[in-house]
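Enquirer: pasting the structure only:
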């Protein structure tokens, strides 16, 4: 199964990393990157199942980066699409608006 990253996910990850460079150490940013790599491996090996959102049942998520970042993804027939990276301290209404736009 192929893993792709949406443009929204790329932009959101870049924004988070830029923000974290001010707040976190390089070691913590590497933890985030390692968590993304671990996610790729576990999802490809079908090792774990992640919860979905009630209002977006096709959208699953997992916590990464010291449990401060949510990685949202969707499983399609032959592809896993990473939809968004979200820092948990951001406005949840903004999150809902972004997810509504990308249904």
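Expert: Cool, got the structure. Source: prediction; values computed, not measured.
Enquirer: for this protein, which helix is longest?
Expert: Counting by DSSP state H, the longest helix found in the chain is helix 26-44.
Enquirer: just checking, next helix/strand downstream of that helix?
Expert: On the C-terminal side of helix 26-44, the closest following helix or strand by DSSP states H and E is strand 59-64.
Enquirer: Below-threshold pLDDT in the protein: ranges please.
Expert: For the chain, the stretches with pLDDT under 70 are 102-103.
Enquirer: orientation of the lengthiest strand in it relative to helix 26-44 in degrees?
Expert: As assigned by DSSP state E, the longest strand anywhere in the chain is strand 79-87. Using axes from the mean of the first three to the mean of the last three Cα atoms, to 10 degrees, one finds that strand 79-87 and helix 26-44 are set 150 degrees apart in direction.
Enquirer: So what are the sheet partners of strand 79-87 and their directions?
Expert: Strand pairing for strand 79-87, determined by DSSP bridges: strand 2-5 (parallel), strand 69-75 (antiparallel).
Enquirer: Now the longest one: buried residues?
Expert: What it means is strand 69-75. 69, 70, 71, 72, 73, 74 (16 or more other Cβ atoms under 10 Å). (C-beta placed from N, C-alpha, C; glycine too.)
Enquirer: now the angle between strand 59-64 and it, please.
Expert: 150 degrees.
Enquirer: For residue 98, give me its contacts.
Expert: 8, 84 (Cβ atoms under 8 Å, 6 or more residues apart in numbering).
Enquirer: rerun at 7 Å
Expert: The contact partners of residue 98, taken as Cβ atoms under 7 Å, 6 or more residues apart in numbering, are residue 84.
Enquirer: same deal with residue 12?
Expert: Per Cβ under 7 Å, 6+ apart, neighbours of residue 12: 84, 85, 86.
Enquirer: Ramachandran coordinates for it?
Expert: phi -60, psi -40 (degrees, to the nearest 10).
Enquirer: hmm, back to that, what would the contacts of residue 12 look like in TSV with neighbour count and distance to residue 21?
Expert: Output for those, formatted as TSV (neighbours: other Cβ atoms under 10 Å; distance: Cβ to Cβ, whole Å):
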residue	neighbour count	distance to residue 21
84	21	20
85	24	15
86	22	18
